[in-house]
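In: Sequence first, then the predicted structure:
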Amino acid sequence: MSQDSASSSASRPPLRPGEVTCAPPPARSGEKPSSALKVLAITLIAFLAVGGGLAVWQAIEARAKLAAEQQKLESMELSKSAERKQREKNQRELQAARREAEDSRAYADFLGSILAEGTADTSGGEAYAVREALARGVRLLDEGAMAHRPEVELKLRRTIGEAYLKLHLPAEAEPQMRHVLEKTRATAGDASPELLEDLCGLARVLTALQKPEGQQLYDEATALYDALVARQPWRRVLNLYGLAEAAAAAGITDKSIGHCLYAQDLLTRQFGPVHPHTLISGVRLASMQRRAGQLDEARRTAAKALDMLRRRLPPGHPQLGEPLIGLAQVEIDAGRFDEAVALMRECVAIRSTKLPEGHWQTANAKVTLGRALAGAKQDEEAEKLLVEGLAGLRESRDAPSIRVREACEAVVAFYKSRDAGEKLSEYEAILNRLEAAEADDNGRRPPARRE
């Protein structure tokens, strides 16, 4: 034992029975006194680290749970909001439908009453009786019979004015159509699509009366139409048209029709129901219905679009070409060739005079007229127009390749049905070249031929 330890133990008093010393045990030889403290510190740090990490993990987990619960709550709120908005939309549509039904009933009741009473005496002839009925309707409207339904009153005056015009009584029609135009201009404004119909309505009356103001109104309607179609539809609409074409090409006709209906709904929301873009969408819809074999529905859709556009454009306007072709194609598929010929003669006449010489759309219209004439067994004129139209399309740099190919298919089908061997071989060779070029451009197989 060393001297220091001996003196230390000697200086401590002896332990009494039952007493426990708190002094640290003597250090071993070669061990530093601080190492035990380091071990303890490391142990505490490790414990705290594990505990702290667990606490952090629990905190993260708690925050994640809180975020999930908040997301659920927000989703529920959004769902409730969406349900509320849908419910409000349904209520608005129901109210609009009720108003429309009430207006239609009021319109029909009014016309029914004046016709029933006005045509009871036909001693002066049926035309005279109808004229008297219309005059009675004007008197009732002037007296305020429909003052509580201004929209119905405008519709009635428009109908009476058009009836007078059909009876070749433009002088009686003028005050009705002028009243309607002034009211529409005052309520809807000079840039509204609602104005188109009434501008052209009064213009037709004034033209029949040989008044120069008629042409001025037609010019105003044309300028307004051009300004309206210059506004671009939402990008979604164009995407839907592309999806519709792709679905139709793949034979999924229900989807192609659905895409067109959705596009029409979007256009109605963006522009309104009588905007040119919305009306022209009916032509696209009719095309998809025709390709689906729904010919009756396609005819109704195409005829409605054509009628609505006729009422909003001057006679012979080039924009009438598309709905004329759309309806004619339905009639061709339905075997109603005489009706198709009449429509396409009008279309060719419009495009020949309103479009630049050599325009591909004029050539395309000639091909469709040729198809209608072939169906009507007017072979000589049909062959001339089919060949001439195809040549015009091939010469045009702007003609879409699909229109050129379809025109060539029409020529091939014509010669095949007439057993014209030499000419058939000539145009089949042209068709093969067109299909090969189209396949090269698109990087795919040649398209299936339409028989």
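Out: It's in.

In: Give me the nearest residue to Glu172, chain neighbours excluded.
Out: In space, and not counting its chain neighbours, Glu172 is closest to Tyr164: 4.4 Å by C-beta to C-beta, 6 or more residues apart in numbering. (C-beta placed from N, C-alpha, C; glycine too.)

In: Then Lys423?
Out: Lys423's closest residue in space is Tyr415 (C-beta to C-beta, 6+ apart), at 4.9 Å.

In: likewise Ser287?
Out: In this structure, Ser287 finds its nearest non-sequential neighbour in Gly326, 6.1 Å apart by C-beta to C-beta, 6+ apart.

In: Quick check: that neighbour vs Ala208, distance?
Out: Relative to Ala208, Gly326 is positioned 29 Å away (C-beta to C-beta, to the nearest Å).

In: More neighbours: which of the two?
Out: Using other C-beta atoms under 10 Å as the criterion, Gly326 and Ala208 rank with Gly326 on top: 25 against 16.

In: hang on, the earlier thing: burial of the residue nearest to Glu172, as a residue count?
Out: By the measure other C-beta under 10 Å, the count of residues near Tyr164 is 24.

In: so it touches Pro175, yeah?
Out: No: the pair Tyr164 and Pro175 does not pass the contact test of C-beta atoms under 8 Å, sitting 9.7 Å apart.

In: any idea how this structure splits into domains?
Out: Domain assignment for the chain by automatic domain parsing gives 97-229, 313-442.

In: Distance from the chain centre to the last one, please.
Out: Shown here is domain 313-442, whose average C-alpha point lies 27 Å from the average C-alpha point of the whole chain (C-alpha atoms, centre = their mean, to the nearest Å).

In: What of stretch 260-270?
Out: 3 Å.

In: Need the CA coordinates for that stretch. CSV is fine.
Out: The C-alpha trace of stretch 260-270 is given here as CSV (Å, rounded to 0.1, in the frame of the first residue of the first chain):
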residue,chain,number,x,y,z
CYS,A,260,-69.6,16.4,-79.9
LEU,A,261,-72.5,16.8,-77.5
TYR,A,262,-70.1,17.8,-74.7
ALA,A,263,-68.4,20.3,-77.1
GLN,A,264,-71.8,21.8,-77.9
ASP,A,265,-72.6,22.2,-74.2
LEU,A,266,-69.3,24.0,-73.6
LEU,A,267,-69.9,26.3,-76.6
THR,A,268,-73.4,27.1,-75.2
ARG,A,269,-71.8,27.9,-71.9
GLN,A,270,-69.1,30.0,-73.4
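
In: quick one: contacts for Glu153?
Out: Neighbour list for Glu153: 141, 146-147 [criterion: C-beta atoms under 8 Å, 6 or more residues apart in numbering].
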